[in-house]
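Enquirer: return a 3D structure for these sequence lines:
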Amino acid sequence: MGMSSVRRRISTAAAVPVAICAVAASAAPAAVASAPASASAVGKGAKPTVVLVHGAFADASGWNAVAERLLDQGYPVIAPPNPLRGLSNDAAYVASVLKSVKGPIVLAGHSYGGAVITQAGAGNPNVKALVYVSAFMPDIGESPAELSTKFTGSELGPALNPVPYSDATGSGTDLYIKPDRFHAVFAADLPASQTRLMAAEQRPVTEAGFAEKATAAAWKTTPSWFVVSARDKAIAPDLERFEAKRAKAHTVEIESSHVSMMSHPDVVTEQIRDAAATVTGADPKPAALARTGSRTTELALAGGLAAAFVATGTALAVWGRRRART
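Expert: The predicted structure is shown next:
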């Protein structure tokens, strides 16, 4: 047999593994794409709406990092303004927001916002879970001001600056945190450049409202979660532990300042997702499972194709040399 004939046979035979690899490679994306679809089927219901309530000396932007993560994961999110004009007034306002939400709700509150959700969430059958983040969690007849004196560890009292105010409804006293104490007491684990702006833009709470007693306690009938901040200087960590234990809340404790939703947003988001999972019955981490499955399939296909091509190529080379000698 002539060399030209041998070369033609080798070329024809070599085209076989190339064609096989091309067909398999074209099928690979379809196989990889199917993995997330099967993972998403794990979900057992639509995601609940997460309502995030901020506390005193802050506004809803404090929830930005948590809200962004939840939105990216497909949760509807509402972060309404907390009026900070008094517990009964603030709870009534938030309760009206909750009534506008269709379907199940996970209600989260930070700091004084915890007292607000305690009262606002009571009696609303759509509120399926409560999440407290470095928060007040009063029982009926307790006020945030009263709870603040229950344990040592808070430095908030001496850091407050009372400022008289008047408006169309009357007059009273607003409470601010002194700018030179804001970083240490409120947000010690955030950059000083950031807390300087937070101090300048803080929203005050009324002194009378802070002393107002709760008339309802949603945590007595609704499952609760709690993020305890071990380095909190605004609310004593021992008070947070006491509240969480009293409510039999699902609790995680982290080394954080008062603003754990800003300095540790992943932990806070995870608590909210865990609470949401009890509402839907879904795995709280479906996205991670989908990525893992997709990547595993992709690597397996790539490895198999490479091995097949190398083995076929080696066999062809040996066959070609033998044919050439004949």
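
Enquirer: so, low pLDDT: which residues of the stretch 1-150 of the chain?
Expert: Across the stretch 1-150 of the chain, the stretches falling below the confidence threshold (pLDDT under 70) are 1-45.

Enquirer: do a quick rundown of the strands in it.
Expert: Read by DSSP state E, counting those that start in this stretch, the stretch 1-150 of the chain holds these strands, from start to end of the chain: 49-53, 77-78, 105-110, 127-133.

Enquirer: and the angle for the first one with strand 127-133?
Expert: Going back to what we said before, that points to strand 49-53. Orientation of strand 49-53 against strand 127-133 (axes from the mean of the first three to the mean of the last three C-alpha atoms, to 10 degrees) gives an angle of 40 degrees.

Enquirer: returning to that earlier point: would you mind finding the most buried of the strands of the stretch 1-150 of the chain?
Expert: Among the strands of the stretch 1-150 of the chain, judged by mean count of other C-beta atoms under 10 Å, the one packed with the most neighbours on average is strand 105-110 (a mean of 29). (Glycine included, C-beta is placed from N, CA and C.)

Enquirer: what pairs with that strand, parallel or antiparallel?
Expert: Pairing partners of strand 105-110, with direction, according to DSSP bridges: strand 49-53 (parallel), strand 127-133 (parallel).

Enquirer: I'd like the ones you listed written out as a markdown table, with distance to Gly157 added.
Expert: Putting the strands paired with strand 105-110 into a markdown table (distance: least, C-beta to C-beta, whole Å) gives the following:
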| stretch | distance to Gly157 |
| --- | --- |
| strand 49-53 | 23 |
| strand 127-133 | 21 |
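
Enquirer: what's the closest of those strands to Gln202?
Expert: Closest of these to Gln202 is strand 49-53, at 16.5 Å (criterion: C-beta to C-beta).

Enquirer: could I have the CA atoms of the closest one written out in CSV?
Expert: Extracted as CSV, the C-alpha positions of strand 49-53 are listed here (Å, rounded to 0.1, in the frame of the first residue of the first chain):
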residue,chain,number,x,y,z
THR,A,49,-41.9,38.9,51.3
VAL,A,50,-39.2,40.1,53.7
VAL,A,51,-40.1,43.4,55.5
LEU,A,52,-37.0,45.1,57.1
VAL,A,53,-37.7,47.6,59.9
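
Enquirer: tell me the contacts of Lys128?
Expert: Residues touching Lys128, when contacts are defined by C-beta atoms under 8 Å, 6 or more residues apart in numbering, comprise Pro48, Pro104, Ile105, Val106, Thr222, Pro223, Thr278, Val279.
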